[in-house]
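1. When you get a sec, could you give me coordinates for this:
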Amino acid sequence: MSTETQTGTVDRGIVERLRASPFLSQLLSNRLAITGIVLILGVVLIAIYARITYDLSDLLATQFGTNPSEAAPSSEYLFGTDGQARDIFPRVLYGAWYAVLYGTVTVIASTFLGVGLGIVAAYYGDLTDNVIMRTMDVLLSFPSLLLALALVTIFPEELGLWRAVGALTLVYTPRFARVVRGAALKVLEDEYTEATKALGATDPRLLIRHVLPNCLAPITVQSTLNYGLAIIDIAALSFLGFGASPGEPTWGMMLSNGVEFGLFSGAWWWSFFPGLLLALTVLGFNLLGDGMRDALDPRMRETVD
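-> Numbering: from 1, shown residues only. Reported below is the predicted structural model:
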């Protein structure tokens, strides 16, 4: 059999398995989940396009003498201009790149920390479990945004938006730890884990090769839901003056400038367009997260926040 034939056979096998997947068939039959996927793909494409097309230094610079100041949306300036005569359209598009970049880092970091702590707490139990989960309970007792505001001050201002990423990583970690601990406890009750230990499997091998794969469903759903939450919380911190530098084209900073300067002068477009893209992005992740939760297991409504 030729290499091309083997490759074609493997590709068809993968496609057939995907089509036969109950999860994918259930997910793709959910119209709201499809809407979420379309919204997310649109934002990702916008982010990549903006990152490739626009120069950040041009977006930061004032454009007096080149563009009119506070011009309303028109065919020439689709989203209008701001008080610094900067075209809002490319700035809003570039804000998608900030949202995708920093949101991804926040979710990945909090997922790794939360999953690690949750599995360790479930497996070792006793003192280890109490120390880890009581610490998580203390962090969960604070409102998330209030805790993020307190934590963001720990990091130096030179880090910019990475301060928000660090603070939100610590805020989201307890959510993952609690969800993963509950799922891991159920997995550890199964007989095959005891058999694996009896065969001489080390703790890391047991946790990584056997426990973790059986906890992926709640981890995936929690990560998707937290993605939208991370984007909106990063925008909120920027809105409040923590994270983004003045003039930086993040949705939160543009909303802050629009509310502070634009609304009083009637320039509604300063805040409307970044707020619209922010809302659509968060909506997309929420719709996809709900669809994934229903497709994986409707009973997970009781497990995932």
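
2. Could you use CA atoms for every contact and neighbour count after this?
-> Will do.

3. The helix or strand that Thr224 is a member of - what's its average pLDDT?
-> For Thr224, the element it lies in under DSSP states H and E is helix 216-239. For helix 216-239, mean pLDDT is 89.

4. I'd guessed Val100 sits against Val44; true?
-> Yes: Val100 is within contact range of Val44, at 7.0 Å (criterion: CA atoms under 8 Å).

5. more neighbours, those two?
-> Val100 (21 against 18; other CA atoms under 10 Å).

6. Who are the contact partners of the more buried one?
-> Applying CA atoms under 8 Å, 6 or more residues apart in numbering to Val100 gives the contacts 44, 47, 231.

7. how about 7 Å then?
-> Val44 (CA atoms under 7 Å, 6 or more residues apart in numbering).

8. pLDDT score assigned to it?
-> So Val100 comes in at 94 (pLDDT).

9. Checking it next. Helix, strand or coil?
-> helix (DSSP: H, G, I helix; E, B strand; the rest coil).

10. separation between it and Leu280?
-> Using CA to CA, to the nearest Å, Val100 is found at 13 Å from Leu280.

11. Give me the average confidence score over whichever helix or strand comes after the helix holding Thr224.
-> Counting by DSSP H and E, the next helix or strand C-terminal to helix 216-239 is helix 251-257. Helix 251-257 shows a mean pLDDT of 89.

12. Give me the helices and strands touching helix 251-257, please.
-> Judged by 3 or more CA pairs under 7 Å, 6 or more residues apart in numbering; DSSP states H and E, the packing partners of helix 251-257 are helix 216-239, helix 269-296.

13. buried ones in the shortest one?
-> Which is helix 216-239. Across helix 216-239, burial judged by 16 or more other CA atoms under 10 Å covers 217-239.

14. so what secondary structure elements neighbour it?
-> Packing partners of helix 216-239 (3+ CA pairs under 7 Å, 6+ apart): helix 88-124, helix 161-188, helix 251-257, helix 269-296.

15. residues making contact with that helix?
-> Residues from elsewhere that reach helix 216-239, judged by CA under 7 Å, 6+ apart: 99, 103, 106-107, 111, 164, 179-180, 243-244, 251-253, 255-256, 282, 285-286, 289, 292-293, 296, 304.

16. now the angle from that helix to helix 88-124?
-> Counting by axes from the mean of the first three to the mean of the last three CA atoms, to 10 degrees, helix 216-239 lies at 130 degrees to helix 88-124.

17. Give me the neighbour count for Lys186.
-> Counted with other CA under 10 Å, Lys186 comes out at 13.
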